[in-house]
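Undergrad: what follows is a predicted protein model with its sequence.
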Amino acid sequence: MQYKPHAKSPKAAKKGTKRCFPAQDFLHYSVREIGVCSFSLLGGLCDLWVRPPSTATPSSRHSLVLVQSRFSTYSAVKSVFPLGGALPRRVPAWFSTASLRLRAARTIPLLLILGLSLPVVAAQTQDDTVTLDDMVSSAQQWAQENLDEDVLRALQQADRDKARKLLADVQKQFQGEYVIDLATLRDAVKAIIPLLEGYEETLPYALWLKTRLDYLEVADQLRLVIPPPKAVPGQPAQSIATPSPQKEREIWITKLTDRSYPANAKPYIPQLKSIFASEHVPTELVWIAEVESSFDPRVRSPAGAAGLFQLMPATAKRYGLSTVWPWDQRVSPEPSARAAAQYLHYLHRHFRDWRLALAAYNAGERTVQDLLTRRKAGTFDAIANRLPAETQMYVPRVEATVLRREGVKLTELR
């Protein structure tokens, strides 16, 4: 990738140069542009000529990944900056329709943060160059220390408190051991999803909750088929017994029997299967993306997982992905799929069993390994009832999904 300067930039980068530049020159250029119009700073960043997602390669560590676009950058800027300032003359065509999906209240602080952070970058960098990582990292640090978070909040206080409490409850129940307890959250989750969908900033959480509704509905079905424990006089009420893995497999297979082919999957499946095959992972496992995100790369969990395969930041970095906004490669299908495939390949080599590998993908390899060690076990079924509730349901859900889409049992994969 090359640094291609703005049309009026005082210095032009020669062809073949790396994407870094003298700090003094960049600061001078950026400050001048901010003086004309704040958005010109973003134009200057765009002039780093980051590749569009359609041509990005897995090695493009700093790809500006902006997914599924309908937002017009120029339209937004004209509504945010009615000052008559000059807009950057050259912005890549793909960028003008990329999904920044930012409200005006979000755009202004971001641009100011980037501008105010530049002197900090120059002061902290020991050599004479400033990289994008330096600049973004400094901007994030400055924002955390100086920016009132109310500026970026979309929800009203009452709605925000309600959403925060529900998301925390969902996370807590998913990490608990009792699958049946998830059923109590179903109605509340259904009620809050439209609220979160109404704001672009909270839409990723709404999409995440929608992909988790199946867990809550299956938990409700299990509650109806598992008899409640007998009440003992003078003793506290006991929780309903955790269903067996086999019972959960049966419920999931029944639930997904009539589920149609997800429309979002069609553009992705051929490419994802090719990537999984190249990483020596069964191609049938690309359907993990249906379970994780319904093939919507905008999904983001409250815990920080993102993208088609809901990679956590630590896992993404482990396999060479950038997780710094707006260069978060987890939301780009190709690099996220490759990282997920590499991780699955590693987990299967370690556990020698796809059910255990999937459990580790969801709950963490240490969680699974510790349970296997303590119980002196070697199978998923032997430790399932001590795994987090989400993981207890995640593995049979993936099994049922692969069976539904590919007609193959998980135990038949090699």
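TA: Okay, I see it.
Undergrad: and the residue lying closest to Arg330 once chain neighbours are set aside, how many neighbours does it have?
TA: With CB to CB, 6 or more residues apart in numbering as the criterion, Arg330 has its nearest non-adjacent residue at 3.7 Å, and that residue is Gly307. All C-beta atoms are positioned from the backbone trio N, CA, C, and that covers glycine. Gly307 has 30 neighbouring residues, counting by other CB atoms under 10 Å.
Undergrad: residues contacting Gly307?
TA: Residues counted as contacts of Gly307 (CB atoms under 8 Å, 6 or more residues apart in numbering) are 293, 297, 299, 328, 330-332, 336.
Undergrad: Gln246: neighbour count?
TA: 11.
Undergrad: next: the one 10 residues further on.
TA: The local packing of Leu256 (other CB under 10 Å) involves 18 other residues.
Undergrad: helices of the stretch 251-400 of the chain, start to end?
TA: 269-278, 288-293, 313-318, 333-351, 354-363, 365-375, 380-383, 389-406 (DSSP state H, counting those that start in this stretch).
Undergrad: which helices and strands does the longest one pack with?
TA: The one in question is helix 333-351. The contact analysis (3 or more CB pairs under 8 Å, 6 or more residues apart in numbering; DSSP states H and E) places helix 333-351 against helix 269-278, helix 288-293, helix 313-318, helix 354-363, helix 365-375.
Undergrad: remind me what the second one packs against, helices and strands.
TA: Meaning helix 288-293. Using 3+ CB pairs under 8 Å, 6+ apart: helix 288-293 touches helix 203-225, helix 333-351, helix 389-406.
Undergrad: identify whichever of those helices lies nearest to Tyr261.
TA: Ranking the helices and strands packed on helix 288-293 by proximity to Tyr261 (CB to CB) places helix 389-406 first, at 7.6 Å.
Undergrad: helix 269-278 and the closest one, what's the angle between them?
TA: 110 degrees (axes from the mean of the first three to the mean of the last three CA atoms, to 10 degrees).
Undergrad: what angle separates helix 389-406 from helix 203-225?
TA: Going by the same axes, to 10 degrees, helix 389-406 makes 90 degrees with helix 203-225.
Undergrad: save the helices and strands packed on helix 288-293 as CSV, and put in mean neighbour count and mean pLDDT too.
TA: Formatted as CSV, the helices and strands packed on helix 288-293 follow (neighbours: other CB atoms under 10 Å; pLDDT from 0 to 100):
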stretch, mean neighbour count, mean pLDDT
helix 203-225, 19, 94
helix 333-351, 22, 98
helix 389-406, 23, 97
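Undergrad: low-confidence ranges in the stretch 51-200 of the chain?
TA: Flagging of the stretch 51-200 of the chain using pLDDT under 70 yields the residue ranges 51-155.
Undergrad: turn the helices and strands packed on helix 288-293 into TSV, including distance to Glu284.
TA: Formatted as TSV, those follow (distance: least, CB to CB, whole Å):
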stretch	distance to Glu284
helix 203-225	19
helix 333-351	12
helix 389-406	4
